[in-house]
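Novice: Just a sequence and a predicted model for now, questions to come.
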Amino acid sequence: MMETRIEFTANAAILDNAMAVEHRPYAMPDKVLHHLGNLAFEDVSAEAGASFGVAAAHRGAAFGDLNNDGRMDAVVTVLNGHPEVMMNETVNKNHWIIIKLIGVADNRDGLGTKVKVITRSGAQYNEATTAVGYNSSSDKRVHFGLGSDTMIDRLELSWPTGVKQVLTNVKVDQILTVRESTP
């Protein structure tokens, strides 16, 4: 499966006198980068919208599907300004799944649960966490982009308590709630 991978960075120098000390600007624009492979990236910020040309003291970035459409969105804090909400409005026919975890024996949000999704294209791994950036907290649900795959053959969950769960033949393009089974 050929996958398009996009990376996002929230940018700004830490010091407000960065130009004098580090010889770089304090305020910087956010960036959207297309991953080309082999550690090479192409800057596609101009295609992402006008806000990506605005230099500001961007700080924490949080990610999640804010409108539950299967596409990851971002919220970026701006020092002395309003947060920027960046809705992902890309058009494609790719499939996805979001997994909402409900822990029973340990933590209610299932944080720390390791999730493995197996489709005809291969396996993907993720872990339930909210800590993915500086000074922010992202969506606790676990998101997988599935490309053209129309079915998840196997969904494996390893809860922090040691409980293992397996679901098979899971439908795509949904928010799936999984409650930790009791041993």
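Specialist: Received, thanks.

Novice: So this structure: which segments form each domain?
Specialist: Per the record, the chain has its domains at 5-86, 95-179, by automatic domain parsing.

Novice: Just give me the lowest mean pLDDT stretch among these.
Specialist: For the domains of the chain, the stretch scoring lowest in mean pLDDT is domain 5-86; its value is a mean of 88.

Novice: what about the residue of the chain most remote from its centre, distance to Ala27?
Specialist: In terms of distance from the mean C-alpha position of the chain, Ala20 ranks first, at 34.8 Å (CA atoms, centre = their mean). Taking CB to CB, to the nearest Å as the measure, Ala20 falls 14 Å from Ala27. C-beta coordinates here come from the backbone N, C-alpha and C atoms, glycine included.

Novice: go on, Ala128?
Specialist: Ala128 sits 34 Å away from Ala27 when distances are taken as CB to CB.

Novice: where along the chain do the helices fall?
Specialist: Using DSSP state H, the helices assigned to the chain run over residues 18-21, 45-48.

Novice: would you list the ones you listed in a markdown table and tack on distance to Leu79?
Specialist: Compiled in a markdown table, those are given as follows (distance: least, CB to CB, whole Å):
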| stretch | distance to Leu79 |
| --- | --- |
| helix 18-21 | 13 |
| helix 45-48 | 20 |
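
Novice: List the contacts of stretch 80-96.
Specialist: Residues external to stretch 80-96 that are found in contact with it (CB atoms under 8 Å, 6 or more residues apart in numbering): 30, 48-49, 51, 56-58, 66-67, 70-78, 143-150, 172-173.

Novice: mind listing the strands for this structure?
Specialist: When secondary structure is read from DSSP state E, the chain shows strands at 5-9, 31-37, 40-43, 58-64, 73-78, 84-86, 95-102, 114-119, 122-127, 142-147, 151-158, 164-171, 174-179.

Novice: circling back: what's the PyMOL line that selects buried ones from the contacts of stretch 80-96?
Specialist: Of the contacts of stretch 80-96, the buried ones go into a single PyMOL selection, burial set by 16 or more other CB atoms under 10 Å:
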select buried, resi 30+48+56+57+58+66+70+71+72+73+74+75+76+77+78+143+144+145+146+147+149+172
